[in-house]
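> Show me the folded form of this:
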Amino acid sequence: MAIDHKLCKDNFYIPEFLQNNTCTNTTREIQQKLESVNKALEEHLEKFNRERERLLKSKTVTLENIKKFRKEINDRLDELEKNTISDTEDKYKTFINEKEDSIRILERSKACLKSAQDKLKLASDNKLQIFVNVKKGENIAENVAKSVKATKLQTPFKDIDFAGDRRLDSLLHEINVFGKIEQRIAMKTENIGTVNIHKNDFLLQVKGCTKYSVNVQSDKKYCDIISACTLEDGTIILSDWSNSKLKRLDSSSYAVIDYCDLQGRPWQVCSIDKQQAAVCLHDKKEVQFISLSSKMALTNKIKTGFECFGLSYADGNLYISDYTSVYIYSVSGRKLKKFSKDQSGQEMFSSIRSLAVSENGSKICVADRYKGLIILDNNGIVVGRFNDSQLRGADGSCLTGRGSLLVCADFSDNVLQFGPNGNLIDEVVKFYDTSAFNKAICCNQQMSKMIIGRNRDEIEVYDLI
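The predicted structure follows:
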């Protein structure tokens with residue numbers, strides 16, 4: 001039937017085929033091919049098994065981090081409760097002390113009155129003694145009346161009520177989870193080493209530049225804009241080192257609409273949330289928090305014990321650096337991690353100028369004045385480096401929101417753009433005015449503007465295309 005089944009074109013008679021085709025695959029060749037494919041399949045299966053095991057371990061770590069975050073919230077709530085109780089105790093103590101002082105005065109007056117009354121009763125027929133007691137009684141009565149009148153002025157009596165901060169209640173009702181749960185592509189460990197140069201990613205381009213003054217009347221020196229960041233409402237905060245100020249700019253006119261005097265020299269500034277920002281005061285060895293109400297105001301602070309320069313906020317934690325180390329802190333001020341040496345035990349940094357951290361905290365980008373760009377994962381493992389003549393004197397850095405990183409450099413007078421994995425895309429802009437150092441960089445939320453701060457009274461705003 002197979003021989004006569006002519007409708008199927010691929011049917012053939014095997015003895016005839018073998019007679020006409022001597023070059024056919026042997027059993028050994030097919031066996032080798034099957035073994036090769038089977039080996040590739042087993043390797044692929046093993047790879048997926050390892051990935052499953054890695055995910056299971058990662059799940060355990062992630063769940064532990066959630067519990068750790070919950071504990072930090074509990075610790076912070078305990079601290080808030082302690083502070084609130086302490087404030088309440090202090091206020092009640094003041095009011096109670098006032099009342100106790102008044103009671104003591106009234107009780108002494110009561111004793112004086114009783115004494116005067118008793119003396120008048122005991123005087124009997126002694127006119128001379130009666131006269132003296134009457135005069136004393138009149139004085140006592142007059143003084144007691146004055147004491148009563150003085151205490152009456154203290155009424156109505158004061159009391160204290162507690163009104164909880166409704167922002168906490170509002171926030172708890174607005175959110176359904178502790179934070180963002182996002183899927184990300186894990187960076188492969190084989191990418192460790194010098195970052196390769198690629199130019200196939202989308203390059204930001206500039207088409208124009210406008211300068212805006214950021215000087216305010218109370219400035220005593222020329223501005224030295226050392227850092228810049230964008231807030232959630234679109235406004236921009238500048239860190240003015242020479243005048244020890246934070247300056248808030250309007251998002252469209254770039255005019256200074258508010259400023260805040262600091263108690264030390266500021267370095268990098270970053271946004272925490274809608275209500276709060278933070279700035280490094282390197283000479284004070286602390287991170288200062290700033291309330292972002294209609295008027296910026298200093299709130300609490302974290303004492304670091306080291307000169308702090310780089311500062312970023314991501315995934316609920318603060319990333320702080322001195323010259324040679326990167327630290328991870330909780331917002332309550334507890335030190336969680338420290339990174340200073342690479343996998344081989346060598347010092348990673350020499351003069352850190354700024355930090356830029358991805359939103360989920362998985363990637364820490366470090367701009368080092370002499371060692372260029374170093375990229376770490378959240379465990380402090382180096383996953384990328386770039387140290388080339390194109391990036392000399394790395395200073396300010398910022399993530400664009402599109403996954404790329406911008407780094408401005410003092411000595412090479414330019415801004416370079418790096419891709420998501422730390423690969424150099426290209427030069428965004430070259431500065432030809434070398435009389436000023438390029439220190440601060442940020443972009444607006446629409447990625448239509450790039451703001452550059454320098455050691456002068458004006459910023460440069462570039463249009464991006």
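
> tell me the strands in the stretch 251-400 of the chain, going along the chain?
Assigned by DSSP state E, counting those that start in this stretch, the stretch 251-400 of the chain shows strands spanning 256-261, 266-273, 276-281, 286-292, 296-303, 311-314, 317-321, 326-330, 335-339, 352-357, 363-368, 372-377, 382-386, 394-399.

> To D457, which of these lies closest?
In terms of C-beta to C-beta, the element of the strands of the stretch 251-400 of the chain nearest to D457 is strand 256-261, at 11.0 Å. Glycine gets a C-beta too; all of them are placed from N, C-alpha and C.

> Adding distance to L204, write the strands of the stretch 251-400 of the chain out as TSV.
Below are the strands of the stretch 251-400 of the chain laid out as TSV (distance: least, C-beta to C-beta, whole Å):
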stretch	distance to L204
strand 256-261	26
strand 266-273	21
strand 276-281	25
strand 286-292	28
strand 296-303	30
strand 311-314	21
strand 317-321	24
strand 326-330	27
strand 335-339	29
strand 352-357	15
strand 363-368	16
strand 372-377	17
strand 382-386	17
strand 394-399	12
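
> Please name the bridge partners of the residue nearest to the spatial centre of the chain.
When the chain is reduced to its mean C-alpha position, the nearest residue by C-alpha atoms, centre = their mean turns out to be Y313, at 2.1 Å. Here Y313 shows beta-bridge partners L318, assigned using DSSP bridges.

> Tell me the secondary structure at S58.
helix (DSSP: H, G, I helix; E, B strand; the rest coil).

> ok now do the residue nearest to the centre of the chain, which residues does it touch?
Applying C-beta atoms under 8 Å, 6 or more residues apart in numbering to Y313 gives the contacts 270-272, 278, 319, 357.

> From E427, how far off is it?
Here the distance between Y313 and E427 works out to 29 Å (C-beta to C-beta, to the nearest Å).

> quick check: domain ranges of the protein?
Split into domains by automatic domain parsing, the chain comes to 102-174, 195-464.

> among the ones you listed, which is nearest K39?
Nearest to K39 among those is domain 195-464; the distance by C-beta to C-beta comes to 29.9 Å.

> distance between that closest one and the chain's centre?
Counting by C-alpha atoms, centre = their mean, to the nearest Å, domain 195-464 is centred 12 Å from the centre of its parent chain.

> Show the average pLDDT along that domain.
The pLDDT scores in domain 195-464 average 90.

> same check, this time on stretch 136-155
Mean pLDDT, computed over stretch 136-155, is 74.

> what's the first-to-last distance across stretch 367-379?
18 Å (C-alpha to C-alpha, to the nearest Å).

> Need the contact partners of that stretch.
Counting by C-beta under 8 Å, 6+ apart, 187, 195, 310, 326, 339, 348-356, 361-366, 382-388, 391, 393-397, 405, 407, 410, 418, 422 sit against stretch 367-379.

> Any of these buried? List them.
Neighbour-count burial (16 or more other C-beta atoms under 10 Å) is assigned, among the contacts of stretch 367-379, to 187, 195, 310, 326, 339, 348-349, 352-356, 361-366, 382-387, 391, 393-397, 405, 407, 410, 418, 422.

> and whatever helix or strand V132 lives in, how far out from the chain's middle?
Applying DSSP states H and E as the criterion places V132 in helix 127-152. Distance of helix 127-152 from its chain centroid, counting by C-alpha atoms, centre = their mean, is 69 Å.

> Give the buried residues for it.
By 16+ other C-beta under 10 Å, the buried positions in helix 127-152 come out as 133, 137, 140, 144, 147, 151.
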